[in-house]
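Peer 1: just need the structure, nothing else, for what follows:
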Amino acid sequence: MNETVLTPILDWLDVAGIAVFALSGALVAARERQTFVTMGFFALVTGVGGGTIRDLLIEAPVFWMHDPYVAAVCLGTALIVWFTPVTWWDGKLLDYADALGLAAYAVLGSAKALAYGIPPVPAALMGVITGCVGGVIRDVVAGRPSIIMQPELYVTAAALSAAITVGAMMAPLGVSNWAIWIAAFVAGFALRAAAIRFEMGLPSYGGKDAPSPTSEPDQSRNSSPGSGPPG
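Peer 2: Predicted structure coming up:
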């Protein structure tokens with residue numbers, strides 16, 4: 001593996017993604033009035049969940065087991081949430097911060113997969129997994145509808161960043177990796193930000209003629225308004 005592939009820009013993207021996802025995990029526990037131990041657990045599994053699955057799949061050393069700062073960043077983020085009112089984090093600000101982490105992790109995951117010799121399509125999927133799985137684990141453990149089951153674009157934004165990263169790094173464009181990573185990050189973040197701002201989503205299977213789900217009577221109670229198929 002060429003270690004220079006992952007530094008220095010991707011190191012900053014990694015830290016940003018970890019902190020933002022850890023923040024979202026800690027806030028889930030805060031809104032449920034949980035203890036600090038639970039809050040720290042949610043911050044950790046959300047911050048490192050996607051990267052852990054990625055590293056296991058590409059047969060790389062699990063990144064946070066060999067870095068003395070990753071777990072500290074997650075627990076430190078939980079500590080910040082513990083000492084601040086949860087109302088500070090209401091509104092769209094956290095959604096946009098999550099979009100930053102999503103795009104950052106998608107770029108990092110796909111670039112790291114390529115560095116380990118993973119073929120292009122699986123490498124792009126590793127970017128999507130890195131960006132999305134931490135939030136899925138958070139929501140499943142919390143017993144709430146997964147973020148990928150909301151109607152607005154989320155997985156698609158991660159896929160865009162990952163696809164640009166892989167496609168541009170594999171093509172003989174004569175462009176530096178730094179420029180590719182920045183462009184891929186900006187594209188994914190812009191799409192996710194637009195989805196947040198304008199509530200953009202992909203069409204659902206069957207369109208208007210699709211029957212509404214009736215086999216899960218508690219779905220409307222557990223889902224947020226307007227919840228639908230994954231984007």
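Peer 1: distance of Leu100 from Asp11?
Peer 2: 15 Å (C-beta to C-beta, to the nearest Å). C-betas here are computed from N, CA, C, even on glycine.
Peer 1: repeat that for Tyr96.
Peer 2: To Asp11, Tyr96 is 22 Å away according to C-beta to C-beta.
Peer 1: in terms of neighbours, single out the busier of those two.
Peer 2: Tyr96 (15 against 11; other C-beta atoms under 10 Å).
Peer 1: where does that one sit, in terms of helix or strand?
Peer 2: helix 93-115 (DSSP states H and E).
Peer 1: how far does that helix sit from its chain's centre?
Peer 2: 6 Å (C-alpha atoms, centre = their mean, to the nearest Å).
Peer 1: just checking, what packs against it?
Peer 2: Applying 3 or more C-beta pairs under 8 Å, 6 or more residues apart in numbering; DSSP states H and E, one finds that helix 93-115 makes contact with helix 9-31, helix 36-57, helix 120-142, helix 155-170, helix 177-198.
Peer 1: just how off-centre is the first one within its chain?
Peer 2: When distances are taken as C-alpha atoms, centre = their mean, helix 9-31 is centred 9 Å away from the chain's centroid.
Peer 1: show me what it packs onto, helices and strands only.
Peer 2: helix 36-57, helix 70-82, helix 93-115, helix 120-142, helix 177-198.
Peer 1: many thanks, I have nothing further to ask.
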